[in-house]
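[1] based on what follows, work out the 3D shape:
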Amino acid sequence: MQPTQIIGIAAGICTGLSLLPQLIKIRKEKKANSMSPATLIFLLVGLAGWIIYGTLRDDYPVIITNLLSFVTNLWIICLSIKYKRRAVTH
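    Here you go, the predicted structure:
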């Protein structure tokens with residue numbers, strides 16, 4: 001493995017895990033009122049674009065690391081909707 005590949009994979013993993021602390025906080029507190037829905041949607045669309053790009057180039061590090069970010073972001077969106085609905089009904 002070349003140094004540029006190692007740097008790319010490490011950067012992708014860090015990016016992929018960047019929303020994990022936010023996800024843990026949302027699950028722990030059971031509220032997500034500080035999250036901007038527009039930001040999450042733009043991020044989700046951008047990540048989907050990177051996954052498509054990686055697929056077209058057969059670049060598995062790009063696909064895998066952005067898929068990790070995509071799933072984490074999608075999970076945050078789902079929890080945000082869930083906890084927002086719960087706050088409205090209580």
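[2] show me what the helix or strand hosting Asn66 is packed up against.
    Assigned by DSSP states H and E, Asn66 belongs to helix 60-89. Counting contacts by 3 or more CB pairs under 8 Å, 6 or more residues apart in numbering; DSSP states H and E, helix 60-89 packs against helix 3-17, helix 20-29, helix 37-56. Yep, even glycine has a C-beta here, placed from its N, CA and C like the rest.
[3] who wins for proximity to Arg86 among those helices?
    For Arg86, the closest of the helices and strands packed on helix 60-89 is helix 20-29, at 12.0 Å, according to CB to CB.
[4] contacts for that closest one next, please.
    With contact meaning CB atoms under 8 Å, 6 or more residues apart in numbering, helix 20-29 is reached by 32, 35, 72, 75-76, 79-80, 83.
[5] how much space between Ile81 and Ser18?
    Separation of Ile81 from Ser18 (CB to CB, to the nearest Å): 21 Å.
[6] next one: Leu43
    Separation of Leu43 from Ser18 (CB to CB): 10 Å.
[7] common neighbours of these two, please.
    Residues touching both Leu43 and Ser18 by CB under 8 Å, 6+ apart: Ser69.
[8] more neighbours, these two?
    Using other CB atoms under 10 Å, the more surrounded residue of Leu43 and Ser18 is Leu43, with 18 against 12.
[9] quick one on the thing from earlier: now the buried members of the contacts of helix 20-29.
    Among the contacts of helix 20-29, those scoring as buried are 32, 35, 72, 76, 79-80, 83 (criterion: 16 or more other CB atoms under 10 Å).
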